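Visitor: Mind looking at a prediction? Sequence and model below.
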Amino acid sequence: MHSRLRVLGVNAVFHDPAAALVVDGQVVAAAEEERFSRRKHGKPPVPFSTWELPEHAMRFCVQRGGLRPEDLDAVAYSYDPARAPAPGADLTADGWEGLRTLFAQRAPLFLKAALPGLDETKVRFVAHHLAHAASAARAAGWPSCAVMTVDGRGERTSHLAGVLRDGRIDVLAETPLPHSLGLRYEELTAHLGFHRSSDEYKVMAMAAYGTPRHLDAFRSLVRPDGRGGFATEAVDWAAFAPPRSVAGGWAPAHADLAASLQRRLEEVLVDLARWLHGETGERRLALAGGVALNCVANSRLWRDSPFDEVWVQPAAGDSGTALGAALEVAAALGDGGEAGVFAMPGAALGPDWDDRELGAWLEGAEVDFRRSEDVAEEVAATLADDGVVAWFQGRSEFGPRALGHRSLLADPRSERNTERLNDVKGREQFRPVAPMVLAERARELFDGGPLPSPFMLFTHEVRPAWRSRIPAVVHVDGTARIQTVDRAQEPLVARMLDAFERRTGVPAVVNTSLNTAGRPMVDDPRDALECFGSAPVDLLAIGTFVVRRPARARGGRGDAGGGQRAPAVAA
């Protein structure tokens, strides 16, 4: 009888704790702890929090696989304390870094306590950047490819360049700490008044408003080493622009500084990719690591590197190392076939609820709701009438992007909807919102990036003829971070887009994450009801049910007015 191979992956050391389950070469489940605990990023990335495990996410994955902890063949932990600097006599040295290592060494015992019945001898350590690399290379679906990971830090390094061949990932180059592209970007994030290890995407958005006038200085501060790695120098950020207070506005000097580092990041990544292509001769590049969430840099790699194809793992940040660790251990145990690649069905890997369960939630919340005759048509009609829709359908997404399962939707034809959605979410007004578009229509509207683009990890030029037709999703530089929708994979979303186009002539809608500032994306029905009840959203589409906010006065489409907001609905 065939023996099933069951591997649970766990990320817990830095931030974005998460879990993933791989069974017989199939990615069965993956989820981030923040979705259950409602703590943004799960925990702070400090040594004192290293012991904290993604207990809710682990239990969800095990239960989703129909397993018990004692059924697991291995637990893959995405950090190898043997590769980290050994703790010294003074644990307070280097920001208590030795404490992180001590906690990581004891992870098998922590895991056994969190998952009663688990045999702690089944816990295997996987180096942080190898886990990143496996999450991309082994999930991309290619029999061989080059792989590059760049982030803030791992045990001793901040970057890995390698190749997947014959089922094995060979490491060709690494960059040792303290040299780190990710840490330099984090430092600038903090200097600009944002939360480091969290708000780096805000710096990327701000960069579009600036001019890289400090580029020459950053070319001396951040340099490729000619051997597949790079060197970074300490940066006196205040010499370029004053620090921005959290509550203060931003000035052109801040945008210019952001543009300078963003442009240098792109240049160095292209240089690293050229070296890697020369060493491997591979046509395809897989990316992971926190820096791989920088969609502007990803697009620069796609355009200017020698690789024909670039694929980014949708949970490219640290949460994705849970998936990568599971895939790496599963491959070592003989799963994934000779090529060591696995079937990743997309990003919809979290929890879901059937209509019976959703109906019970809605009854318990005592809100007025009804079953829709056709939820796709009703949502499209609301959007065409310039309503904002909270869309809660199917399994929640793994990773930071809402991809049509936990989304806020709006009409892209109204320029005011950018400001309106940022107000709904409590975000800075310089941040763009993104379009969701049918895959077969994407080339009509967008250019200059890879298509299809299902995970919203690249930017594309908005074609000139469409910029005035969908102004809500056009960033200041004329680009948009698009999500393409495949009919076979997302039939309900596709029907909604079809219905919206019939009404408006536009085959795209605004899609941003269903959450408010500082809160994780919603995951379960309670989260959806709380978000709907606390924000000026017109319709909640949850499964086959709809919840409507009482009618309010609203200006017509494109009207700069907006009427009065209705009081929040108790949920």
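Guide: Thanks, I have the structure now.

Visitor: how about the strands in the stretch 401-550 of the chain?
Guide: Per DSSP state E, counting those that start in this stretch, the stretch 401-550 of the chain carries strands over the ranges 406-410, 434-438, 446-447, 459-462, 479-481, 483-485, 508-513, 539-542, 545-548.

Visitor: Just want the most central residue of this structure.
Guide: Centrality entry for the chain: nearest residue to the mean C-alpha point is Pro400, 2.9 Å, by Cα atoms, centre = their mean.

Visitor: I'd assumed Asp318 was in contact with that one.
Guide: No - with contacts defined as Cβ atoms under 8 Å, Pro400 does not count as touching Asp318, sitting 11.0 Å away. C-beta: built from backbone N, CA, C; applies to glycine.

Visitor: pretty sure Arg469 is touching Ser414, no?
Guide: No - in this structure, Arg469 is not within contact of Ser414 by Cβ under 8 Å, at 11.0 Å.

Visitor: If you count surrounding residues, which of these two has more?
Guide: Higher neighbour count among Arg469 and Ser414: Ser414, with 21 against 16, using other Cβ atoms under 10 Å.

Visitor: who touches Asp199 in this structure?
Guide: Residues near Asp199 by Cβ atoms under 8 Å, 6 or more residues apart in numbering: Thr189.

Visitor: nearest spatial neighbour of Ala384, skipping sequence neighbours?
Guide: Closest residue in space to Ala384, ignoring its immediate chain neighbours: Arg503 at 4.1 Å, by Cβ to Cβ, 6 or more residues apart in numbering.

Visitor: In which helix or strand does Arg219 reside?
Guide: helix 215-221 (DSSP states H and E).

Visitor: doesn't the residue nearest to the centre of the chain fall inside a strand?
Guide: No - looking at Pro400 with DSSP: H, G, I helix; E, B strand; the rest coil, it is coil, so not inside a strand.

Visitor: so where is this structure shaky, pLDDT-wise?
Guide: By pLDDT under 70, the weakly predicted segments of the chain are 1-3, 551-571.

Visitor: Can you check which helix is longest in it?
Guide: When the chain is parsed with DSSP state H, its longest helix is helix 252-280.

Visitor: From the rest of the structure, what touches stretch 438-451?
Guide: By Cβ under 8 Å, 6+ apart, stretch 438-451 touches 299, 302-303, 309-310, 435, 437, 452-454, 458-463, 466, 470, 479-480, 482, 484-487, 494, 497-498, 507-508.

Visitor: do that again at 7 Å, thanks
Guide: 299, 302, 310, 437, 452, 458-463, 466, 480, 482, 484-486, 494, 497, 507-508 (Cβ atoms under 7 Å, 6 or more residues apart in numbering).

Visitor: buried set for it?
Guide: Leu438, Ala439, Arg441, Ala442, Leu445, Phe446, Gly449, Pro450, Leu451 (16 or more other Cβ atoms under 10 Å).

Visitor: Which parts of the stretch 51-200 of the chain are strands?
Guide: In order along the chain, the stretch 51-200 of the chain carries the following strands (DSSP E, counting those that start in this stretch): 74-77, 123-125, 145-150, 157-165, 168-176.

Visitor: Can you give me the end-to-end span of stretch 68-81?
Guide: 27 Å (Cα to Cα, to the nearest Å).

Visitor: Quick one: distance of that stretch to the chain centre.
Guide: Computed by Cα atoms, centre = their mean, to the nearest Å, the chain-centroid distance of stretch 68-81 equals 24 Å.

Visitor: so how far is Cys61 from the residue found closest to Pro116 once you drop the neighbours it is linked to in the chain?
Guide: Leaving aside its sequence neighbours, Pro116 sits nearest to Pro69 (Cβ to Cβ, 6+ apart; 6.5 Å). Per Cβ to Cβ, to the nearest Å, Pro69 is found 11 Å from Cys61.

Visitor: okay, the two: which has more neighbours?
Guide: Cys61 (27 against 19).

Visitor: Please list all residues in contact with that one.
Guide: Contacts for Cys61 (Cβ under 7 Å, 6+ apart) come out as Leu8, Ala19, Ala20, Leu21, Ala29, Ala31.

Visitor: Make a markdown table out of those and add distance to His56 and secondary structure.
Guide: Formatted as a markdown table, those follow (distance: Cβ to Cβ, whole Å; DSSP: H, G, I helix; E, B strand; the rest coil):
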| residue | distance to His56 | secondary structure |
| --- | --- | --- |
| Leu8 | 14 | strand |
| Ala19 | 9 | strand |
| Ala20 | 14 | strand |
| Leu21 | 14 | strand |
| Ala29 | 12 | strand |
| Ala31 | 8 | strand |
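
Visitor: right, and the pair among those residues with maximum separation?
Guide: Leu8 and Ala31 (11.8 Å; Cβ to Cβ).

Visitor: follow-up on the earlier one: got the buried residues for the longest helix of the chain?
Guide: Neighbour-count burial for helix 252-280, counted by 16+ other Cβ under 10 Å, picks out 254-277, 280.

Visitor: Please enumerate the helices of the stretch 401-550 of the chain.
Guide: 416-425, 442-445, 464-467, 491-504, 525-534 (DSSP state H, counting those that start in this stretch).
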